[in-house]
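Asks: Sequence and predicted structure are below.
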Amino acid sequence: MENNIPIRCLGIAVVLLQKSDTGYKVLLLKRDSEVLDEAWCYIGGRIEQGEKAWEAALREIREETGLEGVVLYTSNKFDQFYLPAENYIYLAPVFVGFVDQEHEVILNGSHLKKQ
């Protein structure tokens, strides 16, 4: 009998950076959803059927922020956590994206707007 815990790579994560006069800004979004409600998070989402992870990252950036033309890089990091109810380890590659200063973020409905 094996006691292996399965690993599932179902999604991606993206950290977006924007150059400023004093260095770089990191984009964090406040979730407005059932999962992680009101938590500050980076961009993340599911990889759709037939999609490569980097394609999912660019799509999620566009869907969650309205940003296009993001320069995207892979990192050597993974978002990972254990889901005890399903008994598997969730693993997602983390990408780093760079955004020009003049681009404006337009949030979709899964995030709270700044009050």
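Replies: Now that the structure is in, tell me what you want to look at.

Asks: the bottom helix or strand of the chain by mean pLDDT?
Replies: Here the helix or strand of the chain ranked lowest by mean pLDDT, DSSP states H and E is strand 29-30, holding a mean of 84.

Asks: Need the mean per-residue confidence for the helix or strand following that one.
Replies: For strand 29-30, the following helix or strand on the C-terminal side (DSSP states H and E) is strand 40-41. For strand 40-41, mean pLDDT rounds to 86.

Asks: Residues contacting strand 40-41, please?
Replies: 28-31 (CB atoms under 8 Å, 6 or more residues apart in numbering). Every C-beta, even on glycine, is put in place using the N, C-alpha and C of the backbone.

Asks: Any of the residues you listed buried? List them.
Replies: When the contacts of strand 40-41 are checked for burial by 16 or more other CB atoms under 10 Å, the buried set is 29-31.

Asks: Walking through the protein, point out its helices one by one.
Replies: 53-65 (DSSP state H).

Asks: wait, which of the buried ones among the contacts of strand 40-41 is closest to L16?
Replies: Closest approach between the buried ones among the contacts of strand 40-41 and L16, by CB to CB: L29, at 9.4 Å.

Asks: what are the bridge partners for that closest one, then?
Replies: Beta-bridge partners recorded for L29 (DSSP bridges): C41.

Asks: Look up how far R8 lies from G97.
Replies: 24 Å (CB to CB, to the nearest Å).

Asks: Reformat the contacts of strand 40-41 as JSON lines; add distance to E86.
Replies: JSON lines is the format used below for these (distance: CB to CB, whole Å):
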{"residue": "L28", "distance to E86": "27"}
{"residue": "L29", "distance to E86": "26"}
{"residue": "K30", "distance to E86": "26"}
{"residue": "R31", "distance to E86": "21"}
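
Asks: Cool, thanks, talk later.
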